[in-house]
Each structure stands twice: as structure tokens, then as C-alpha cells.
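Peer 1: A structural model of the following input is requested.
(one chain, ligands or ions: 2)
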Amino acid sequence: MKVALDLAGFEEIPTDSEVYVPGRNVRKALFGIDIGAAELVMAKGQGYDAVIAHHPAGGRIRLDAWKVFERHMDQMIEMGVPEAAAKEAVRKKAATLEIEAHSVNYDYLPSVARHLKMPFMNIHNPLDELGRQLVTDRIRKSISERKEATVADVVASINTLPEFQQALTEVKVRHGALSNLAGKTVFSHAAYTNGGYEVAKTYYKYGVDTVIYIHISEPDLAKVRADGVGNLIVTGHIASDSVGINPFIAELRRRGVQVDAISGVIQA
Ligand SMILES: [Fe+2]
Ligand SMILES: [Fe+2]
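Peer 2: Ligands and ions are numbered 1, 2, ... in the order given. Model prediction:
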């Protein structure tokens, strides 16, 4: 966990990441974007010392992870959105996520891991933040301050990262057009889940021309399209998660841990 926090520049463990079953002397670890009971049993049978999931897999944080959604506010304020408008943009979906978390069987996977005596943890926001920084840097370097940069230039810059080249998904312009000027551009990621219609709408209202999400629901996309302003690029969930996961796996390997990656990780 400390390795991930250091890579992302975090001081504290965010409320969507947790050690469910602690472990020591980890020499061989299994990493997966999603981990289920079958993967825990498989890891036990194959002699792994620990299992690391990306997505929240239970515990206290399965109830509190929605709080990370409020990081959209920080990102919006950084892009020039007034604080009150940023707060309003996250209010509804944060409340929905909190209500829905109540239905979750939060101890299902941790209980299986405890029963197997398999050290088990998940690391979500630190790795998403790492991915956000890497993709944002790549876009900035490529389009820099060029006023004439288009949405196509932004898509091309994202596609220079190997994870996007190897993914089965493609980076898609879901709203707007490749030939449009990109203008002020934000990679909106690392806030538990996508900001949906409200966050995109608020970016457009306060001067952001191009919003990039890693995924969006169809009803939210329909609303963005109905408003008819701005551009929306969608990069693909698993490719985008992999961008932040790979430097973490590389760092663990550098420190002598054998890490095998399954469950979606695109090892670029
Ligand atoms: Fe992620
Ligand atoms: Fe994800």
C-alpha cells in the first residue's frame, strides 16, 4: 500500500483502498483488476503469498468508497470551476452511490480470504491517480499550448500509450467531433467512478471544451448529447485502469516481488 501511495503522492490511504487480510514476507503476489472468490482459491492453490485487487472488494471501504467521488470537486476547481458549482455537480451522484452501497455484502470476499488465510488487499484510487497523471502529462506534452490542436490530436496522444494500443476497446469520441478544436481539455478520472452528466455539463459550462472519461453510462451520454455543447472522449475502462496499474507492478518487481497479473490488466 505504501508503494502505491508514494507513487501517487498520497499521504493517506483513501477510503476506497484497504488491507482486508494482512500478510508478511510477500515474495509472490497475484494482481487482478477484479478479484472474486475463485481467484482467491486459485491463488492459494498456486502458492501466492498475497492477492491484490484494483477495484474495492469489500470491508469498511465498500461502504465508504463513494466519498472518493468527491475528488471530482478538487479536479473541477483546479480547472477553474467555482467551488459551489463543483459541489452541486457531485451532490446527486455521491448521494446515489452512498445509498446503493448499503445493499452490498461487504464481508463476502474478505471472509473467504480470512478462511483461506490468504493475505488480501485492494488499491484503487492511488493507482487511478497515477494513471490520471500519466495520461494528463501525455496529452499536455503532445498538444501543449497549441491553440489549433483538435480532438483528433488528443485521441492520437492518448493512443501513444501502449495500453490503449493493445486494448480491445478503442478510444472513442462519444460526443462532438474529431475535427473540433480540443480547447481546454481535462482527463476526468481517479474519483471512484465517472462524473456522469452533471460533472461533464459543469465542465462545459465553466470553459472546459473537451472532457475525457474512462467510461460513461448511455443515459448520461444521451443527456450530454442533448445539450449539444463540448466534446466527450471515452478512453475505455480496462485500458485506462492498466495505465496506472503497470508502473505499480513494475515497482513491486523492482523490489524483488514476483507479480503475476490477471483479470484484465493489459501488461504493456
Ligand atoms: Fe481504476
Ligand atoms: Fe476501474
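Peer 1: Now Val257. Nearest residue, chain neighbours left out?
Peer 2: Ala29 (5.6 Å; C-beta to C-beta, 6 or more residues apart in numbering). C-betas here are computed from N, CA, C, even on glycine.
Peer 1: Before we go further, that neighbour is sitting in a helix, right?
Peer 2: No. Assessed with DSSP: H, G, I helix; E, B strand; the rest coil, Ala29 is strand; it does not lie in a helix.
Peer 1: Identify the residues contacting it.
Peer 2: The contact partners of Ala29, by C-beta atoms under 8 Å, 6 or more residues apart in numbering, come to 48-52, 252, 257-260.
Peer 1: how about the strands in the stretch 151-268 of the chain?
Peer 2: 172-175, 185-187, 210-213, 231-234, 258-262 (DSSP state E, counting those that start in this stretch).
Peer 1: Now do Glu70 against Asp16, distance only.
Peer 2: 11 Å (C-beta to C-beta, to the nearest Å).
Peer 1: who's more crowded, those two?
Peer 2: More crowded of Glu70 and Asp16, by other C-beta atoms under 10 Å: Asp16, with 25 against 16.
Peer 1: per-residue confidence for the closest residue to that one other than its chain neighbours?
Peer 2: The shortest distance from Asp16 to any non-neighbouring residue, by C-beta to C-beta, 6+ apart, is to Ala65 (3.8 Å). pLDDT, Ala65: 96.
Peer 1: for the one 4 residues further on, same thing?
Peer 2: Phe69 carries a pLDDT score of 98 in this model.
Peer 1: what number of residues lie near the closest residue in space to Leu116 that isn't next to it in sequence?
Peer 2: Using C-beta to C-beta, 6+ apart and skipping the chain neighbours, the partner closest in space to Leu116 is Lys44 (4.9 Å). Counted by other C-beta under 10 Å, the residues lying close to Lys44 total 17.
Peer 1: Looks like Lys44 contacts His115 (just checking).
Peer 2: No. Applying C-beta atoms under 8 Å as the test, Lys44 and His115 come out as separate, 9.9 Å apart.
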